[in-house]
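Undergrad: sharing a sequence plus its predicted fold:
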Number of protein chains: 4
Amino acid sequence: MSRETLARLLITCPDRPGIVAAVSTFLFNHGANITDLQQHSTDPEGGTFFMRLEFQTPHLDVSRGVLERAFAEAVAERFAMEWRFAYAEEPKKMALLVSRYDHALLEVLWRWSRGELPAKVSMVISNHPDLEPAVRAFGLPYHHVPVSKENKAEAEASILELLEGQADLVVLARYMQILSADFVSRFPHRIINIHHSFLPAFVGASPYRQAYERGVKLIGATAHYVTEELDQGPIIEQDVARVSHRHSVEDLVELGRDLERQVLARAVRWHLEDRIIVHGNKTVVFS
Amino acid sequence: MSRETLARLLITCPDRPGIVAAVSTFLFNHGANITDLQQHSTDPEGGTFFMRLEFQTPHLDVSRGVLERAFAEAVAERFAMEWRFAYAEEPKKMALLVSRYDHALLEVLWRWSRGELPAKVSMVISNHPDLEPAVRAFGLPYHHVPVSKENKAEAEASILELLEGQADLVVLARYMQILSADFVSRFPHRIINIHHSFLPAFVGASPYRQAYERGVKLIGATAHYVTEELDQGPIIEQDVARVSHRHSVEDLVELGRDLERQVLARAVRWHLEDRIIVHGNKTVVFS
Amino acid sequence: MSRETLARLLITCPDRPGIVAAVSTFLFNHGANITDLQQHSTDPEGGTFFMRLEFQTPHLDVSRGVLERAFAEAVAERFAMEWRFAYAEEPKKMALLVSRYDHALLEVLWRWSRGELPAKVSMVISNHPDLEPAVRAFGLPYHHVPVSKENKAEAEASILELLEGQADLVVLARYMQILSADFVSRFPHRIINIHHSFLPAFVGASPYRQAYERGVKLIGATAHYVTEELDQGPIIEQDVARVSHRHSVEDLVELGRDLERQVLARAVRWHLEDRIIVHGNKTVVFS
Amino acid sequence: MSRETLARLLITCPDRPGIVAAVSTFLFNHGANITDLQQHSTDPEGGTFFMRLEFQTPHLDVSRGVLERAFAEAVAERFAMEWRFAYAEEPKKMALLVSRYDHALLEVLWRWSRGELPAKVSMVISNHPDLEPAVRAFGLPYHHVPVSKENKAEAEASILELLEGQADLVVLARYMQILSADFVSRFPHRIINIHHSFLPAFVGASPYRQAYERGVKLIGATAHYVTEELDQGPIIEQDVARVSHRHSVEDLVELGRDLERQVLARAVRWHLEDRIIVHGNKTVVFS
């Protein structure tokens, strides 16, 4: 089984009998060897059905383009499917936005450089110059786009220009600027943010301080898709760490760094491997 | 080392040099053998200092009463301490309030019957008759006090009468009635509730449904002291369990039961063993 | 979707293209509505393929018996499958063996009485009389079969007689006798034991003492199928709890009880819901 | 409270009444302000007593040297203590040995560069040249000392020469050579190794493969002090991650990397902060 010839098919449609049979028979008949299949239904009667398949392409009897058109006609239309094929040969282009904290960024770049994250990293953009040397060490372009109250719109325009055609996924690795609704709308469910709290607890600023003040016994981190509403987008992954009265706010920040690194890395990987389907404001993650 | 002759001393005071030396020397001089000592300071300069000591009483050179008076004069006054001694020989009286769900109640009673919880259980009170047989099987009194919109005040009065002198600790083991501010004020930091969410997320009703709707990837449970403000009291303990898109609201309720049992049992134990000091709206837990 | 009309199909066979298509098409054609499907392959080329399907039976066009025979002929033979159908209408018969510790037994019975474990509990057998009242409170038969060095073979014979036709699953809920190879062979992959360590660490006697002596920082519990080799059978589930230098052997035993309860309960549930396929000395668990 | 003026005192002695009073009174009388105190006794009667204190030095009435000599005479001798003072001003010298895997090394260096690990890193030594650029980027010396069957003794001699006076702590960050008993004896309880299994399970080579073959449901990592007996030294820290039938050996290796990074980083930090006391083949960790 080769990584290079791996393909994935993601499907969302109204649930009804016969979907698995139709899809798997179609693929089998065209020489696609299914190597993984996961599915989920919110309710077999009147609910929504989700499926993720992995298959090998070497023995396909048609080209990819023909396969996709045939699938559209023979299967997708009949079941009113939203669907997409993805091919490991064509890894997603990933851009990262960061401010001054390096931990989330370096974790993602490290894992990428080790081959854990199947992406083509196109660039890192920051509103500060600080992390340029660390990024250059990975052989990656670094763009410094300063942001101030006055130039916010222009800065976003600059960033959009840089990202044009270069970002199937935008990762906010502790980027401390709030993106405009317009910016967000250009990348629907394609911007992943790491929030430093166990959402929906402690939305907004200084979540570690909020957690400290409330006296919680666990702190958390949340990776989510960015939507127009701040901190309200579909949650992809969360994790927590145990804390006690002995931890200061600074200790929470430090412990939280570890959570942020791990949670963001998992979410980015799942996105890159086409394991996430967004449904309403929630995610189905076939991890 | 004997469990029966164990004593505990809890102290809160402004931090300043010399506290540990003063307390430990006082106890040593009176024949108390310190077997455990935990302390915490919010800030050595101008902060608050907390300490919990365990010691053995067999070789005390004075009676407990004399020891306590001597401590007040010789040590506590000098350092402006709030303090209390507790003796394992005199276990706390514990009453439990419950509605229809039995899981939290049975977990506490089961652990108590095994000797894990050092308390004298005085009674179980419920607004429903359902759990009487299960409680009687433990050899415990069960009082059915129905509560309706109309009789709420009378019902509370009846409960207060039952608890009179019988409850150093009141445990709400999924008691589905909101207690009045007056009731709560009778038991300051002596009512423990188990809330079925990771507070402060999902306060109020139906937290599992709220968690389901928000699409969180972890659900939680929180044990806290009850104060006048609903779900806002000092948090004692929390824990979480991993969930996914595959879990229905009913699944969350079922997984949550396990969390509620464990979290409540830990909080009750720590209270009974005098491991908790409340400070403002937070807890110091010397677990 | 009804629980009563739920059916499950479990399959093991050499992996090769077309299995999913063949099985799902067969079921669809006979009116079975697939509501869950999980599969796994050790290697798509030359490996072993495993699949678990859940489906609804109300619209089957044939009787169960006819369906199964048709499946054997039309699908199973072609792919050299091992397979079995199971129906929620016919819950498994479960017998429990226990000695004196009640925690694992009561946990399973509690969950069963709440409807979490889809089984018909046929009986509890013990080599001690102690737990009879607790078991009778659940309305269940309790058989006391004393075991000594001298009567071991007879005792096993008595137990086998009691179990005859009454046990699709035997749960060893801290049963402190070692079963003979002959006994075990009567219930292949149908005896679940809870071992009080993180296997393969600390096999044999007194695992908590062994863990204490070695100074580990986590203790564990393991649920596994019993085979002729002591503590060597296929592992179903494991979990751990954090410990430190502060924990005595007795503390480890107490913490371990909680682990044992949870781990055994999960393993029993997965078995009863036909989520486990044994392959060699390992398990595939479609949880 | 200043980090620079922090001092720590670690004590091991036979337990008996009066230790805490004697130590705390001594420190108080000399102007040392105790800011943290943790203690543990294996048994108050006839057991061993351990204590760790943190205190501030600015108001000491004598020099450190005088304080230590006074402590030896006035307190330590009386209680037959093993003891040592440590001062944050004099961070430990740390050397790291590594082979080709960079994850454990980089995690430690990254945390060090952020100020999470209070050490002076003196050098990195490797039997391979691969990681030199990564290490140089941290501004650290990198020594390549090739090891073969033939030159093992000479290589160790070279390493010892490099370490001479430069290593209060030696960290084996996945160093794939077994150190000789002689080498180990030079650094008693001052070599920390990260073992890629949940010891004592899977000692020796290829633990992830062993774990895969046994079908465990959790994999682990263990940080321990190196002693003459391979994989048998005192355990400092352990952690685990959940795995399933879906994980290949390669997946376990990848998941294990994350465990190794975290577990090693915690152990190294605790050592550098003087939080670990070795007692027999076990550790007391005042974390």
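TA: Cool, the structure landed. Residues are numbered from 1 along each chain as shown, chains lettered A, B, ... in the order given.

Undergrad: which sections of chain A are below the confidence cut-off?
TA: For chain A, applying pLDDT under 70 flags the ranges A:1.

Undergrad: who in it is up against chain B?
TA: Within chain A, the positions lying close to chain B (Cβ under 8 Å from any Cβ of the partner chain) are A:40, A:50, A:198-202, A:214-218, A:220, A:234-240, A:244-246, A:281-285. Just so you know, the C-beta spots here come from the backbone N, C-alpha and C atoms, and that holds for glycine as well.

Undergrad: now, those residues that are in strands?
TA: Members of the residues of chain A next to chain B lying in strands (criterion: DSSP state E): A:40, A:50, A:218, A:220, A:235-240, A:282-285.

Undergrad: biggest separation within the residues you listed, which pair?
TA: For those, with distances taken as Cβ to Cβ, the pair at the greatest spread is A:Phe50 and A:Leu218 (30.0 Å).

Undergrad: for A:Ser148, which non-adjacent residue is spatially closest?
TA: Nearest residue to A:Ser148 in three dimensions, chain neighbours excluded: A:Ala155, at 7.8 Å (Cβ to Cβ, 6 or more residues apart in numbering or on different chains).

Undergrad: so which strand or helix has the one you found?
TA: helix A:152-163 (DSSP states H and E).

Undergrad: which outside residues touch that helix?
TA: A:95, A:97, A:123, A:125, A:127, A:143, A:145-148, A:170, A:177, A:179-180, A:182-183, A:186 (Cβ atoms under 8 Å, 6 or more residues apart in numbering or on different chains).

Undergrad: list the residues that contact the residue of the stretch 51-200 of chain A found nearest chain D.
TA: Closest residue of the stretch 51-200 of chain A to chain D, Cβ to the nearest Cβ: A:Ala137 (6.0 Å). Listed by Cβ under 8 Å, 6+ apart, the contact set of A:Ala137 reads D:Ala137.

Undergrad: distance of the residue nearest to A:Ser148 relative to A:Asn127?
TA: As defined by Cβ to Cβ, to the nearest Å, A:Ala155 lies at a distance of 7 Å from A:Asn127.

Undergrad: mind listing the shared neighbours of those two?
TA: A:145-147.

Undergrad: could I get those residues as a markdown table with secondary structure and distance to C:Ile277?
TA: Shown next, in a markdown table, are the shared contacts of A:Ala155 and A:Asn127 (DSSP: H, G, I helix; E, B strand; the rest coil; distance: Cβ to Cβ, whole Å):
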| residue | secondary structure | distance to C:Ile277 |
| --- | --- | --- |
| A:Val145 | coil | 54 |
| A:Pro146 | coil | 58 |
| A:Val147 | coil | 55 |
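
Undergrad: and those, which are buried?
TA: Among the shared contacts of A:Ala155 and A:Asn127, those classed as buried by 16 or more other Cβ atoms under 10 Å in any protein chain shown are A:145, A:147.

Undergrad: where do the helices of the stretch 151-287 of chain A begin and end?
TA: Using DSSP state H, counting those that start in this stretch, the helices of the stretch 151-287 of chain A run over residues A:152-163, A:181-186, A:207-214, A:249-272.

Undergrad: mind giving me the packing neighbours of the second one?
TA: Think helix A:181-186. Helix A:181-186 sits against helix A:152-163, with contacts defined as 3 or more Cβ pairs under 8 Å, 6 or more residues apart in numbering or on different chains; DSSP states H and E.

Undergrad: could you dump the helix it packs on to PDB, C-alpha only?
TA: Below are the C-alpha coordinates for helix A:152-163, written out as PDB (Å, rounded to 0.1, in the frame of the first residue of the first chain):
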ATOM      1  CA  LYS A 152      -5.600  47.000   9.700                       C
ATOM      2  CA  ALA A 153      -7.500  46.900   6.400                       C
ATOM      3  CA  GLU A 154      -4.400  47.400   4.300                       C
ATOM      4  CA  ALA A 155      -2.500  44.800   6.300                       C
ATOM      5  CA  GLU A 156      -5.300  42.200   5.600                       C
ATOM      6  CA  ALA A 157      -5.200  43.100   2.000                       C
ATOM      7  CA  SER A 158      -1.500  42.500   1.900                       C
ATOM      8  CA  ILE A 159      -1.900  39.200   3.600                       C
ATOM      9  CA  LEU A 160      -4.700  38.200   1.200                       C
ATOM     10  CA  GLU A 161      -2.400  39.000  -1.700                       C
ATOM     11  CA  LEU A 162       0.400  36.800  -0.200                       C
ATOM     12  CA  LEU A 163      -2.100  34.000   0.300                       C
END
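
Undergrad: chain center to it: distance?
TA: With Cα atoms, centre = their mean, to the nearest Å as the basis, helix A:152-163 stands 21 Å off its chain's centre.

Undergrad: hmm, stretch A:232-247 touching chain C?
TA: No - Stretch A:232-247 is not in contact with chain C by Cβ under 8 Å from any Cβ; minimum separation 9.0 Å.

Undergrad: check whether that stretch contacts chain D.
TA: No - on the criterion Cβ under 8 Å from any Cβ, stretch A:232-247 is out of touch with chain D, staying 9.0 Å away.

Undergrad: end-to-end on that stretch?
TA: End-to-end span of stretch A:232-247 (Cα to Cα, to the nearest Å): 28 Å.

Undergrad: residues of that stretch that come out buried?
TA: Neighbour-count burial for stretch A:232-247, counted by 16+ other Cβ under 10 Å, picks out A:233-240, A:243, A:245, A:247.

Undergrad: so what's the residue of the stretch 101-250 of chain A found nearest chain C up against?
TA: Chain C sits closest to A:Arg242 of the stretch 101-250 of chain A, with a gap of 9.0 Å, by Cβ to the nearest Cβ. Contacts here follow Cβ under 8 Å, 6+ apart; on that basis A:Arg242 touches A:217-218.

Undergrad: hang on, the earlier thing: and the buried residues of stretch A:232-247, which two are furthest apart?
TA: Using Cβ to Cβ, the pair of the buried residues of stretch A:232-247 lying farthest apart is A:Pro234 and A:His245, separated by 34.2 Å.

Undergrad: burial count for A:Asp102?
TA: For A:Asp102, the count of nearby residues is 20 (other Cβ atoms under 10 Å in any protein chain shown).

Undergrad: quick check: chain neighbours aside, which residue is closest to it?
TA: Nearest one to A:Asp102, counting by Cβ to Cβ, 6+ apart, is A:Leu131 at 5.5 Å.

Undergrad: phi, psi of that neighbour?
TA: Recorded main-chain torsions at A:Leu131 are phi -90, psi 10, according to degrees, to the nearest 10.

Undergrad: tell me the contacts of A:Gln39?
TA: Remark: with contacts taken as Cβ under 8 Å, 6+ apart, A:Gln39 is in contact with A:20, A:49-52, C:36-37.

Undergrad: what is the neighbour count of A:Glu73?
TA: Here the count is done by other Cβ under 10 Å, and A:Glu73 has 10 residues near it.

Undergrad: with the one 3 residues further on instead?
TA: Here the neighbour count serves as a burial measure; for A:Ala76 (other Cβ under 10 Å) it reads 19.

Undergrad: I'd say it and A:Trp83 touch.
TA: Yes - contact between A:Ala76 and A:Trp83 holds when scored by Cβ atoms under 8 Å: they sit 5.2 Å apart.

Undergrad: and stretch A:220-230, what's buried?
TA: Within stretch A:220-230, the residues scored as buried using 16+ other Cβ under 10 Å are A:220-227.

Undergrad: same list, the residues you listed, but as JSON lines with distance to chain D please.
TA: Output for the buried residues of stretch A:220-230, formatted as JSON lines (distance: Cβ to the nearest Cβ, whole Å):
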{"residue": "A:Gly220", "distance to chain D": "17"}
{"residue": "A:Ala221", "distance to chain D": "15"}
{"residue": "A:Thr222", "distance to chain D": "19"}
{"residue": "A:Ala223", "distance to chain D": "16"}
{"residue": "A:His224", "distance to chain D": "21"}
{"residue": "A:Tyr225", "distance to chain D": "24"}
{"residue": "A:Val226", "distance to chain D": "26"}
{"residue": "A:Thr227", "distance to chain D": "29"}
